[in-house]
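A.B. asks: Sequence plus the predicted model coming up.
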Amino acid sequence: MSESHGEPYNPAEITREEMPCDVLLVGAGPANLALAIRLKQLVASHNESAADDKKLDPQIYVIEKGAEVGNHQLSGAVMDPRGIEELMPDWREKGFPVEGDVGPGSADKMLKLGETSHKAIWVPPIMHNRGKVVVSLNKVVKWLAQQAESLGVNVFAGFAGAEVLYDGKRVLGVRTRDMGVNKWSEKKGEFMPGVDLKARVTVLGEGTRGSLAKHLIPKLELDKGRNEQVYQLGVKEVWKLGPKGQEKLKPGDVYHTMKWPLPKGVFGGGWIYGMADGMVSIGLVTGLDYKDPALDPHALFQKWKTHPFLKAILEDGELLHYGAKTIPDGGYFSQPRLSADGVLLVGDTAGMLNAMRLKGIHLAIKSGMLAAETIFECLKDGDFSAQRLQRYQNAYETSWAKEELFKVRNFRQGFQRGEFFGMVNVALGFITGGRGLAGRLSAHADYREYHRLPGEGGTTKPVDKSNFDDKLTFDKLKDVYFSGSKHEEDQLCHLQVTQPDICVTRCTREYGNPCQHFCPANVYEMVPKAEGKGASPQLNREGEGKENAQGLVLKINASNCVHCKTCDIKDPYQIINWVVPEGGQGPVYTNL
């Protein structure tokens, strides 16, 4: 008896509701929420003295793919308060969530690790953290959303922006994802079409490797003449410390680590930040321009925790939360153009991160404020032309945010040429105002950096993965449990493999299927054909399809996904297209 099939899903035939607004903000992160707050501040100030017919009352919509604002927000994070102080001078009085102040009595050290040793080393003043604050970005954006809503901003959580709407090359708005479509592209009984949100200006603040921005930027040539963006992957846990750990680490203590356990030539390092209520934020960032296709950043993170310095802090503690996220660290020369006809880019989407300082929240807030000031002038004059929106780029180029990034403009690219070159370039950068060894160093996209396997049909030996003890170290599946990630199983897979045959032919031969290693959530597995039915891009509904020489197919455990975007960035053939799942799904980050 054949399996019955549902009504085919054809998005081109769907009639959709339109919702107009003045300003559409995609992504409820620190940049867009700061934008919303600043815009409301400017409008309120204007309306105090404006004639009745000149008063402004813009409709501002913020859409967020997480079920709640903050669910998908993750950072270290030690925040430079410069941005929030500009946005809201009374931020502390209003209850801004601070985990710890990095004060005169706080630890603020860079540790060089050996396998069992550690040594504090000198770092330049630009990397000092005195006067900064340890925060949970998850809590910060929840607080910012409350401030925005109190000013009349409409924040819609659970709405995933799936497609940019255009008229030629002018951006008109965003279409939200259709809901109620099964994995075989058939409508389910609860099918609900997405909505077309039309705006006078759309602002993409989707975070790192935004699923809309990654297509919009090349379409509108916003990356023309710019370096390719490069990324790091941060793998993070939050622990509740036991009595011994709380004696060793206080709220506001900051440690960064370098060297071990990262292999030679791999950029990155670790962090240990003391939080309130006896908690600690720990994580390891790994530059995704590494060359070994078998390298596993999650396994390196687990290995890092076994270092005696870390182990002494964590050994009587308890794991509370887990997450992972990529960060754009190409710097000033990798930033796309920030405006086009009908659209602006802010925050991580715009590459607002200082890789040397390991900080970006203050830059995200500043970018949102600058965008708000441009939009306010457009509202006041009734002119949202591309020429007027260009003023955002002009304002950025004369701001302290640009000045800060320009001082480290060649920092990250130097390390793509090797550790020695990178360190010499950094040293010269301090002397030359960021110029370093060249006026502008190029950068190459991370997926271009892989070394191919030495032989046809062979695989490299994966990096040593510790024997996880479920006390100090954990495998990927156990960590994913602590991320709270949830997805409807029967939906169109949001991890689209556009050329499935490559996974079981060239990718096996040339790279040993690196997706099974680089993903920090065990989303990708190479399994026997029988185990891949219903979850493999190589197999049809009946489980028939092509396998590799070892009889394996790619299985995608999409429900594990923590939305880090590593696969979209590091896949060697660029055939994994990360798109938004149905709204409200994904990780449920807490204290991250």
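C.D. replies: Great, that's in hand.

A.B. asks: Wasn't T508 part of a helix?
C.D. replies: Yes - with DSSP: H, G, I helix; E, B strand; the rest coil as the criterion, T508 is assigned to a helix.

A.B. asks: where's it relative to G66, distance?
C.D. replies: 35 Å (Cβ to Cβ, to the nearest Å). The C-beta positions use only the backbone N, C-alpha and C, and glycine is treated the same way.

A.B. asks: now swap in E403 and tell me
C.D. replies: Distance of E403 to G66, given as Cβ to Cβ: 33 Å.

A.B. asks: Give me the more crowded residue out of those two.
C.D. replies: Just comparing E403 and G66: by other Cβ atoms under 10 Å the higher neighbour count belongs to G66, 24 against 12.

A.B. asks: That one touches P581, doesn't it?
C.D. replies: No - look at G66 against P581 with Cβ atoms under 8 Å: they stay out of range, at 10.9 Å.

A.B. asks: shared neighbours of those two, which are they?
C.D. replies: Shared contacts of G66 and P581, defined by Cβ atoms under 8 Å, 6 or more residues apart in numbering, are absent.

A.B. asks: separation between P11 and L204?
C.D. replies: Shown here: P11 relative to L204, a distance of 21 Å by Cβ to Cβ.

A.B. asks: what about the closest residue to E17 other than its chain neighbours, neighbour count?
C.D. replies: Here the nearest residue to E17 in space, its sequence neighbours aside, is V195; by Cβ to Cβ, 6 or more residues apart in numbering that works out to 5.2 Å. The burial metric for V195, expressed as a neighbour count using other Cβ under 10 Å, is 19.

A.B. asks: Now do the same contact list for V195.
C.D. replies: In this structure, V195 makes contact with R16, E17, E18, M19, F159, R175, T176, judged by Cβ under 8 Å, 6+ apart.

A.B. asks: What's the ChimeraX syntax to select whichever of these are buried?
C.D. replies: With 16 or more other Cβ atoms under 10 Å as the burial test, the buried ones among the contacts of V195 are selected in ChimeraX as follows:
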select :19,159,175,176
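
A.B. asks: Make CSV from the contacts of V195 and add pLDDT and secondary structure to it.
C.D. replies: As requested, the contacts of V195 are exported to CSV (pLDDT from 0 to 100; DSSP: H, G, I helix; E, B strand; the rest coil):
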residue, pLDDT, secondary structure
R16, 96, coil
E17, 97, coil
E18, 97, strand
M19, 97, strand
F159, 97, coil
R175, 98, strand
T176, 98, strand
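
A.B. asks: of the contacts of V195, closest to F474?
C.D. replies: Checking these against F474 by Cβ to Cβ gives F159 as the nearest, at 32.8 Å.

A.B. asks: Could I get the pLDDT score of the residue lying closest to Q416 once chain neighbours are set aside?
C.D. replies: Closest residue to Q416 apart from its sequence neighbours, by Cβ to Cβ, 6+ apart: D289 at 5.7 Å. pLDDT recorded at D289 is 97.

A.B. asks: and what of the one 5 residues further on?
C.D. replies: Turning to A294, the model gives it a pLDDT of 94.

A.B. asks: How many residues are close by it?
C.D. replies: When neighbours are counted by other Cβ under 10 Å, A294 registers 17.

A.B. asks: Comparing P11 and L204, which residue is more hemmed in?
C.D. replies: A count of neighbours by other Cβ under 10 Å puts L204 above the other of P11 and L204, at 28 against 14.
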